[in-house]
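quick one: sequence and predicted model below, then my questions.
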Amino acid sequence: MAHSPKIASHSDSDASIQPNIYALLIGINHYVPNSLYSNLRGCVRDIDLVDTYLRSALGVPEQHIWKLTAPNPDDSFLADIRSAEKPPTYRNIIEAFDAVTAAASAGEQIYIHYSGHGGRAKTLYPDLKGETGQWDESIVPADFCAPSGRYLHDVELATLLKRMTDKQAIVTIVLDSCHSGGATRGDSDIRGPQDDRVDEQEPITESLVASQQELEDNWRALTSGASAASASWLPPSRDYVCLAACRPFEKAREYPASGQDRNGALTFWMIDTLNSNTLSNLDYRALHERVSAKIQGLFPDQVPVLMGEDNRLVFGTDLINRQYTAKVLEIDLTQQRVTLQVGLAQGMSRGVRFAIYPFGTVDFSNPHCKLALVEVIQLKPTTCFAKILSPAEGGLDVGNLLADSERLKGAPAVMESTPSELKRRVRLVDKEVGNHELGLPEAIASQQKGVLQKVSDALADNGWLSEVGSDSGDESDSIQEAHFQVAVDQMGAYEICVGLPIRNLRPPILMTDPDGGNKVVERLVHLAKYQSVQAIDNPKSRLAGYLKADLMQQPDWHPGEIFNLVPFETPQAIEVAAGSYAFLRIENTAGASLNIAMMDLEPTWEISRISFLNLSASENTLAPGETQIIPLQFSLPSGEDDKPLYQRANETLKVFAALGTVDFSWLTLPKLDAAIEYKGATRGVGNGALNQLMTAIGAQTPMLTRASVPVSDPNQEWTTKQIHFTITQ
């Protein structure tokens, strides 16, 4: 759907009033006495922080903000104001959701912030989640154990949110609670149940949200019939963002961040980031990166989760295109180095250089914006150490920056160069005049040398490609094998070959194009990255045997139906009819949780992420013994006339698994050219091929049949599986 015009961000000079934002703020310190959830101390203060920001920084009218708070009885802070705030009981929370939904119109924003306990309770919906051993993720109202109270279950919350997105409101929800990464603080520092217990009491079945039938129907519609207990409650809509305090198996902390008063770690650093940000183009991904870096520096076992429309401006409606970057996690001034959130699992190698830019940067074209240059010196499976380069080493003067090193934490790092031995080699080929298959008309052949010189000029000083051949100035080049060959075809267009000309490089780049050389090099970088991602493999990992990935089928399946999957008759030569459904089944048989990322290497030379239930988190956690099923629908690439470009196309699904936190977002690639419309899958110290991946990773700007090259990871903490198949007309 079309968004309303851009809403100014909080740094814009005219952002004095934001009448089209409606907010529901829920903070619960005090709970009805119970054996599961202790009282908290920072949740109400969280709500005050958010309320102050909305009203003071954004100018949201007070009548647009619903506040439900439950302070502790001995808390006298703002006691006179508290008397006007309703308590966050089960009934009041639902009524507030309904009121906010009724007030907002299509295209307007709804912001929901919950600080309190998150928990797990015996499921109310065995038809959805199974009869035994399953639970519902839940928000814990202040009166959850009172006669009139109960949990607000994930299935109920799904319907409440769906009503908002059905109304075409643009929804953001922040959950500062335990279990928030899966659907939803025990001592007073942890926002979750004591000893991770599941409430096994027989639940009250009557819901104030909707009838049992409506709740179950909505759940099935939103989850495509998935029956796993960990299925998400979030609607698969582009008009939501969810920022959660931690992953399902982790703890959400509250602590005295300001030195005395307690706040939730997520809430405190979110508001701190927004208050200190001076950029008008801050999106939720950049916000998440900075908040995550702050929290993980204090609590390494709490990893905030971002789901949904991560490239939407914070408290805005516009979407922005971002170059995916690595994130600065830590700064060690003693050793003059930084820790980056990228490692072996993403193809990193020693000697690679990154430029670090200010937090929130989305345009990396201005070299004067660089804060520092760093070079990778030590690798781990999912992170790496990089030394800060001095001016004598080709770096920048960062003396003042290091004195204020907090500016680097959470900042984006863009790959600038890679060791010369890892570059992709390109050979420029002159063809002879002739009428044979490889010959050129004389008129074209007479111009090819000058045309190819444009490519040669564009290759000079390229960080990811180098020219080889007898004319390159290096005698050894003449015997080196090239990854690509570039020539001119009989129609007067550039062609790129790996043995034979690569198909589906659209639109053609004509030799008469004055910028043709640069366009060819941009295309080569794109192709190199696609091939490199395809070649990543790590079969010697100890995790290789614990990750199972299969493509399954279910004839005549329709969305919302229960899964009853069967294998393809020939798993090694799978064919999927265009428009039909196939099912990616992933299973974790390890004794530890695995962080999963799924990539689709498409015939349009695009690499896209496949998400669990349409959530756009860069990774998803798969618990020990857990299986996830992701329905996919494929079609053949089409041209401008919407007709398929060919009758068959090869495609690859690639599943990555790691023990540590990994962000594979920067492995994504757009279609080679926007002229191709693709209606595809539902989305929502090593060496060799793994290192080759990085030869294109920093470029702004994929399927060849070649075997994956094994790459040994000494840390053995990541692995990958890939499935090849063919789409047929």
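Received, thanks.

endpoints of stretch 482-498, how far apart?
End-to-end distance for stretch 482-498, by Cα to Cα, to the nearest Å: 9 Å.

give the contact list for residue 439.
Residue 439 makes contact with 431, 432, 433, 490, according to Cβ atoms under 8 Å, 6 or more residues apart in numbering. Quick note: C-beta positions are derived from backbone N, CA and C, even for glycine.

buried only: go through those residues for me.
By neighbour count, with 16 or more other Cβ atoms under 10 Å, the contacts of residue 439 hold residue 431 as buried.

state the pair within the contacts of residue 439 that is farthest apart.
Maximum pairwise distance in these, criterion Cβ to Cβ, is 12.1 Å, between 432 and 490.

joint contacts of these two?
Common neighbours of residue 432 and residue 490, counting by Cβ under 8 Å, 6+ apart, are 439, 440.

related to what we said a few turns ago, sort out which of the contacts of residue 439 are in helices and list them.
Judged by DSSP state H, helices contain none of the contacts of residue 439.

now render the contacts of residue 439 as a markdown table, adding distance to residue 39.
Formatted as a markdown table, those follow (distance: Cβ to Cβ, whole Å):
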| residue | distance to residue 39 |
| --- | --- |
| 431 | 79 |
| 432 | 84 |
| 433 | 87 |
| 490 | 79 |
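
out of the contacts of residue 439, which is nearest to residue 627?
The closest of the contacts of residue 439, once distances to residue 627 are taken by Cβ to Cβ, is residue 490, at 52.4 Å.

list the contacts of the closest one.
439, 440, 441, 444.

please check the residues you listed and keep the buried ones.
440, 444.

pick out the lowest-pLDDT one from the contacts of residue 490.
In terms of pLDDT, residue 439 ranks lowest among the contacts of residue 490, with 85.

return the longest helix that the chain contains as PDB; C-alpha atoms alone will do.
Counting residues, the longest helix found in the chain (DSSP H) is helix 516-535. C-alpha atoms of helix 516-535 as PDB (Å, rounded to 0.1, in the frame of the first residue of the first chain):
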ATOM      1  CA  GLY A 516      29.600   1.500 -20.700                       C
ATOM      2  CA  GLY A 517      32.900   0.600 -19.200                       C
ATOM      3  CA  ASN A 518      31.900   1.600 -15.700                       C
ATOM      4  CA  LYS A 519      28.600  -0.200 -16.100                       C
ATOM      5  CA  VAL A 520      30.300  -3.400 -17.100                       C
ATOM      6  CA  VAL A 521      32.600  -3.300 -14.000                       C
ATOM      7  CA  GLU A 522      29.600  -2.700 -11.700                       C
ATOM      8  CA  ARG A 523      28.000  -5.700 -13.300                       C
ATOM      9  CA  LEU A 524      31.200  -7.800 -12.800                       C
ATOM     10  CA  VAL A 525      31.300  -6.900  -9.100                       C
ATOM     11  CA  HIS A 526      27.700  -8.000  -8.700                       C
ATOM     12  CA  LEU A 527      28.300 -11.300 -10.500                       C
ATOM     13  CA  ALA A 528      31.400 -12.000  -8.400                       C
ATOM     14  CA  LYS A 529      29.600 -11.500  -5.200                       C
ATOM     15  CA  TYR A 530      26.700 -13.800  -6.300                       C
ATOM     16  CA  GLN A 531      29.200 -16.600  -7.300                       C
ATOM     17  CA  SER A 532      31.100 -16.200  -4.100                       C
ATOM     18  CA  VAL A 533      28.000 -16.600  -1.900                       C
ATOM     19  CA  GLN A 534      27.100 -19.600  -3.800                       C
ATOM     20  CA  ALA A 535      30.500 -21.200  -3.200                       C
END
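
specify the local secondary structure of residue 629.
Reduced to three states with DSSP: H, G, I helix; E, B strand; the rest coil, the structure at residue 629 is strand.

and the spatially closest residue to residue 285 that is not a sequence neighbour, what's its pLDDT?
Spatial nearest neighbour of residue 285, excluding adjacent residues (Cβ to Cβ, 6 or more residues apart in numbering): residue 310 at 4.2 Å. In this model, residue 310 is scored at 80, pLDDT.

hmm, residue 310 is touching residue 289, no?
No. Using Cβ atoms under 8 Å as the test, residue 310 is too far from residue 289 to be in contact (9.9 Å).

which of the contacts of residue 490 lies closest to residue 55?
After measuring the contacts of residue 490 against residue 55 - Cβ to Cβ - the closest member comes out as residue 444, at 67.8 Å.

strands of the stretch 501-650 of the chain, start to end?
For the stretch 501-650 of the chain, the strands defined by DSSP state E, counting those that start in this stretch cover 547-553, 566-567, 574-577, 581-588, 594-601, 607-610, 620-622, 627-633, 648-658.

what pairs with the shortest one, parallel or antiparallel?
Meaning strand 566-567. strand 547-553 (antiparallel) (DSSP bridges).

run the chain-centre distance for the strand it pairs with.
Computed by Cα atoms, centre = their mean, to the nearest Å, the chain-centroid distance of strand 547-553 equals 22 Å.

try stretch 115-122
With Cα atoms, centre = their mean, you get 25 Å for stretch 115-122.

I'd like the average pLDDT over that stretch.
85.

follow-up on the earlier one: the residue nearest to residue 285: what's it in contact with?
241, 283, 284, 285, 288, 616.

farthest-separated two in those?
283 and 616 (12.4 Å).

neighbour-wise, which of those two wins?
Higher neighbour count among residue 283 and residue 616: residue 283, with 25 against 22, using other Cβ atoms under 10 Å.

give the contact list for the more buried one.
Residue 283 neighbours (Cβ under 8 Å, 6+ apart): 310, 311, 312, 313, 314, 320, 322, 362.

show me which of these are buried.
310, 311, 312, 313, 314, 322, 362.

ok, the closest residue to the fifth one other than its chain neighbours - how many residues close by?
Nearest residue to residue 314, sequence neighbours excluded (Cβ to Cβ, 6+ apart): residue 282, at 5.1 Å. Look at residue 282: counted by other Cβ under 10 Å, it has 25 neighbours.

and for residue 438?
By the criterion of other Cβ under 10 Å, residue 438 has 11 neighbours.

for residue 206, same thing?
By other Cβ under 10 Å, neighbour count at residue 206 equals 9.

would you agree it falls within a strand?
No. Read with three-state DSSP, residue 206 is coil and lies in no strand.

now it: how far from residue 469?
Distance of residue 206 to residue 469, given as Cβ to Cβ, to the nearest Å: 77 Å.

break the chain into its domains for me.
Residue ranges for the domains of the chain, per automatic domain parsing: 21-308, 326-417, 422-526, 547-728.

residue ranges for the helices of this structure, please.
Counting by DSSP H, the chain has helices at residues 43-52, 79-82, 90-103, 126-129, 154-166, 212-223, 265-276, 284-298, 399-403, 442-445, 448-459, 516-535, 689-692.

which one of those lies nearest to residue 385?
Between residue 385 and the helices of the chain, the shortest separation by Cβ to Cβ is 15.1 Å, and it involves helix 284-298.

what helices or strands is the closest one leaning on?
strand 240-244, helix 265-276, strand 305-308, strand 326-332 (3 or more Cβ pairs under 8 Å, 6 or more residues apart in numbering; DSSP states H and E).

I appreciate the help and will end here.
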